[in-house]
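Visitor: got a sequence here, can you build the structure:
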Amino acid sequence: MQYRSVVGESVAEKTIEKSKFLAYVTHVGGEEEAKAYLSKVRSLHPMATHVCYGYIADKLGNLQRFSDDGEPQGTAGMPILGVIKAQELKETLIAVVRYFGGIKLGAGGLTRAYAGCAADGLVSSEIKSFETGVELTLSVDYAEVNAALRLLEGEIVLAKEFSSEANFTVMVKEGDVESFSARARDFLNGRVKLSAGSSYFYPF
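Guide: Now for the predicted structure:
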C-alpha cells in the first residue's frame, strides 16, 4: 500500500477584494492531530473572521471532515476538501483563515477564493509518496566506516552511532530490504551485521 500526502507544514497568503486569506497546510496522522492543529491556527488568529477547513485524516481516505465556520453553506469547507481530494492526498489538512475586508464576494466568489487559496497552499507544500519502510541497522568495525559511508550515499540515513562499532540506521522500502541487504554484504565483503527494526509508513 502507498498513498500521497504533504510533508511538514506550509503557509500561503493572498488578498482578494481587500479580504486577506491565509492557507495553512499540514500532515495529520489522525483526527486528534487535526483538531490540535486547528486549535493552533485559531490561537494564531484570534481576530480572524473565519477559520474554514477541510481534511482527510487517515491513509484510506475514509475520515473526511470540513467546516464553513460561518461562511454561507458549501462555499468554504467543501471547496477546500475538494482540492485535497482532487490531488488524491491522504492525511492532509488545509485550514484557510479569512480576515474580512469589507467587500462581499458572493457564493461563487467565496467558493473560488477558498478553493484557490487551498490550491496555492498545496503549491507551496512538499508532497511525497508514503510507503511501508523498514529501519535497517548496519553495524561495521571502524575499518569499514569509509566504505559504509560510500555505500550509504544517496540513502535515507536516520541515525549514526559510534560505540564499540559504527552503527548506521537507514530507512529502506519494505520491498527493497532483501536487495539492499545483499548489496550491502557484497559492497562490504561480508564485513557487516544487518538487523531490521521498526516498520512504518515513511515519505520516500
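
Visitor: give me the buried stretch members for the one helix or strand Lys40 maps to, please.
Guide: Following DSSP states H and E, one finds Lys40 within helix 31-44. Across helix 31-44, burial judged by 16 or more other Cβ atoms under 10 Å covers Glu33, Ala34, Tyr37, Leu38, Val41. Every residue, glycine included, has its C-beta placed from N, CA and C.

Visitor: state the mean pLDDT of that helix.
Guide: For helix 31-44, the mean per-residue pLDDT is 98.

Visitor: for it, packing partners?
Guide: Applying 3 or more Cβ pairs under 8 Å, 6 or more residues apart in numbering; DSSP states H and E, we find helix 31-44 packed against strand 19-27, strand 50-56, strand 92-99.

Visitor: got the buried residues for the first one?
Guide: Put plainly, it is strand 19-27. Ser19, Phe21, Leu22, Ala23, Tyr24, Val25, Thr26, His27.

Visitor: leaving out sequence neighbours, find the closest residue to the third one.
Guide: Meaning Leu22. If the residues on either side of it in the chain are set aside, Leu22 comes closest to Val97, at 4.4 Å by Cβ to Cβ, 6 or more residues apart in numbering.

Visitor: please report how far that neighbour lies from Ser198.
Guide: Using Cβ to Cβ, to the nearest Å, Val97 is found at 37 Å from Ser198.

Visitor: list the contacts for Leu93?
Guide: The contact partners of Leu93, by Cβ atoms under 8 Å, 6 or more residues apart in numbering, come to Tyr24, Val25, Thr26, His27, Val28, Ala34, Tyr37, Leu38, Tyr53, Gly54, Tyr55, Ala57.

Visitor: can you rerun that using 6 Å?
Guide: Thr26, Val28, Ala34, Tyr55 (Cβ atoms under 6 Å, 6 or more residues apart in numbering).

Visitor: care to break this protein down by domain?
Guide: 2-124, 131-203 (automatic domain parsing).

Visitor: so which of those is the most packed in?
Guide: Looking across these with neighbours counted as mean count of other Cβ atoms under 10 Å, the highest average goes to domain 2-124: a mean of 18.

Visitor: from the chain's centroid, how far away is that domain?
Guide: Centroid separation for domain 2-124 versus its chain: 15 Å, with Cα atoms, centre = their mean, to the nearest Å.

Visitor: likewise stretch 121-132?
Guide: Using Cα atoms, centre = their mean, the offset of stretch 121-132 from its chain centre is 5 Å.

Visitor: straight-line length of it, end to end?
Guide: 27 Å (Cα to Cα, to the nearest Å).

Visitor: rounded mean pLDDT for it, please.
Guide: pLDDT averaged over stretch 121-132 gives 96.

Visitor: how about stretch 79-96?
Guide: 98.

Visitor: just checking, next helix/strand downstream of the longest strand along the chain?
Guide: Longest among the strand segments of the chain by residue count, using DSSP state E, is strand 126-140. Counting by DSSP H and E, the element after strand 126-140 in chain order, helix or strand, is helix 145-151.
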